[in-house]
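*Asks:* fold the following, please.
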Amino acid sequence: MLITMTITLVGVTGATPPTTSLPEQDRLTLLNFYKKRLPLVPLSEYSNGVYAIDKAGRENWIAIEEFPPYGPAIDEGVEMWDTPFKNGKGYKDCFTEGPGVAHRYPYWDRDKGMVITLAMDVNQCRKDNGEKPFKYNKGKITQILAYIAFSSRGMKTNVVVPKDDPRALEAYKMGRKFYYTKRGQLNYACSDCHMKNVGRYLRSEILSPAMGHTTGWPVYRSTWNNMGTLHRRFRGCTSQLRARPFKAQSEEYRNLEYFLTYMSNGLPMNGPSARK
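*Replies:* Numbering: from 1, shown residues only. Have a look, this model is predicted:
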């Protein structure tokens, strides 16, 4: 059973990028920021998103988890995993180690020179076997991702930025830059909400910490009334800043996912999940 806790906010100004561009030093800097900002939150709790710091919301969330709204998506995902493609092959032939692989995504592909996400590999598997790729924001893609995420629960996030390929570090740095860059008519950066104002209210919602943001996807959001992917959420956040969103699986969002997921290294996977 998850532990309910009361959070005391400590006044710490922030939301500026770390002075280093080395991923592990960046992660430790972010971790130390939250240790000061939210001193009563254990590290493992960050996988629970806003419910690590929202007492009232946490109680409702625990109740919802008794009969989670993402359950049907997992069931559909199991069926999709077990059903062969028209050529007789299936996802099992692409993900030969089994479905519990979400903790290793996204990764740097040396040959393609780009960040590869789990959703991209799912669609690549489909295309390689003569199947039509899924759309990336919602729908069928969330069902197979839900099963893979469920199969990966408890595994520690383990994203690698290869030290011997400067292109990987550059992609990481671009994701990092995206996170700390102000944009849109509201002139806000991701870090303004999830670092500087973490734990405070934005309208009726408490702003969640950045650490752990990538561990629970795909997500059933009450405001969507259905399942959605991480990049769907990226697009929504960008639009809320009154900026033009990028396409799901764009280079910008893939690099952002690379950076954010590295910041969650060591945290347990707990997707799929339910959020407001």
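*Asks:* start to end distance for stretch 183-194?
*Replies:* Length of stretch 183-194, first residue to last, CA to CA, to the nearest Å: 15 Å.
*Asks:* kindly report the same for stretch 205-221.
*Replies:* OK, stretch 205-221 end separation, CA to CA: 13 Å.
*Asks:* buried stuff in it?
*Replies:* The neighbour-count check on stretch 205-221 (16 or more other CB atoms under 10 Å) flags 206-221 as buried. All C-beta atoms are positioned from the backbone trio N, CA, C, and that covers glycine.
*Asks:* next step: those residues restricted to strands.
*Replies:* Using DSSP state E, 206, 219, 220, 221 are the members of the buried residues of stretch 205-221 that sit in strands.
*Asks:* residue 22: which of those residues is nearest?
*Replies:* residue 219 (30.4 Å; CB to CB).
*Asks:* follow-up on the earlier one: format the ones in strands among the buried residues of stretch 205-221 as TSV; extra columns: pLDDT.
*Replies:* Shown next, in TSV, are those (pLDDT from 0 to 100):
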residue	pLDDT
206	93
219	98
220	98
221	96
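*Asks:* what about residue 75, distance to residue 87?
*Replies:* Distance of residue 75 to residue 87, computed by CB to CB, to the nearest Å: 25 Å.
*Asks:* with respect to residue 194, which of the ones in strands among the buried residues of stretch 205-221 is nearest?
*Replies:* residue 206 (11.1 Å).
*Asks:* show me the contact partners of the helix or strand harbouring residue 274.
*Replies:* Counting by DSSP states H and E, the element that carries residue 274 is strand 273-275. Outside of strand 273-275, the residues within contact range by CB atoms under 8 Å, 6 or more residues apart in numbering are 49-50, 61, 64-65, 68-70, 216-217, 219-222.
*Asks:* separation between the closest residue to residue 190 other than its chain neighbours and residue 215?
*Replies:* Excluding its sequence neighbours, the residue lying closest to residue 190 (CB to CB, 6 or more residues apart in numbering) is residue 179, at 4.7 Å. Per CB to CB, residue 179 is found 17 Å from residue 215.
*Asks:* same thing with residue 274?
*Replies:* 14 Å.
*Asks:* do the same with residue 107
*Replies:* Counting by CB to CB, the separation of residue 107 from residue 215 is 16 Å.
*Asks:* ditto for residue 201
*Replies:* Distance from residue 201 to residue 215, by CB to CB: 23 Å.
*Asks:* how about residue 182?
*Replies:* For residue 182, the distance to residue 215 - CB to CB - is 26 Å.
*Asks:* farthest-apart pair in the ones in strands among the buried residues of stretch 205-221, please.
*Replies:* 206 and 220 (18.7 Å).
*Asks:* show me what the one helix or strand residue 119 maps to is in contact with.
*Replies:* Element membership for residue 119 (DSSP H and E) is helix 118-128. Contacting residues not belonging to helix 118-128 are listed as 85, 91, 93-95, 101-102, 105-106, 132-134, 136, 141, 144-145, 148, 229, 231, 248-249, 254 [CB under 8 Å, 6+ apart].
*Asks:* make a PyMOL selection of the buried ones in the residues you listed.
*Replies:* In PyMOL, this line selects whichever of those come out buried by 16+ other CB under 10 Å:
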select buried, resi 85+91+95+101+102+105+106+134+136+141+144+145+148+229+231+248+249+254
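*Asks:* now do the helices in the stretch 51-200 of the chain.
*Replies:* Ranges of helices in the stretch 51-200 of the chain, per DSSP state H, counting those that start in this stretch, are 55-64, 71-82, 91-94, 118-128, 140-151, 166-180, 190-191.
*Asks:* and among these, the most buried is which?
*Replies:* Comparing the helices of the stretch 51-200 of the chain by mean neighbour count (mean count of other CB atoms under 10 Å), helix 140-151 ranks first with a mean of 25.
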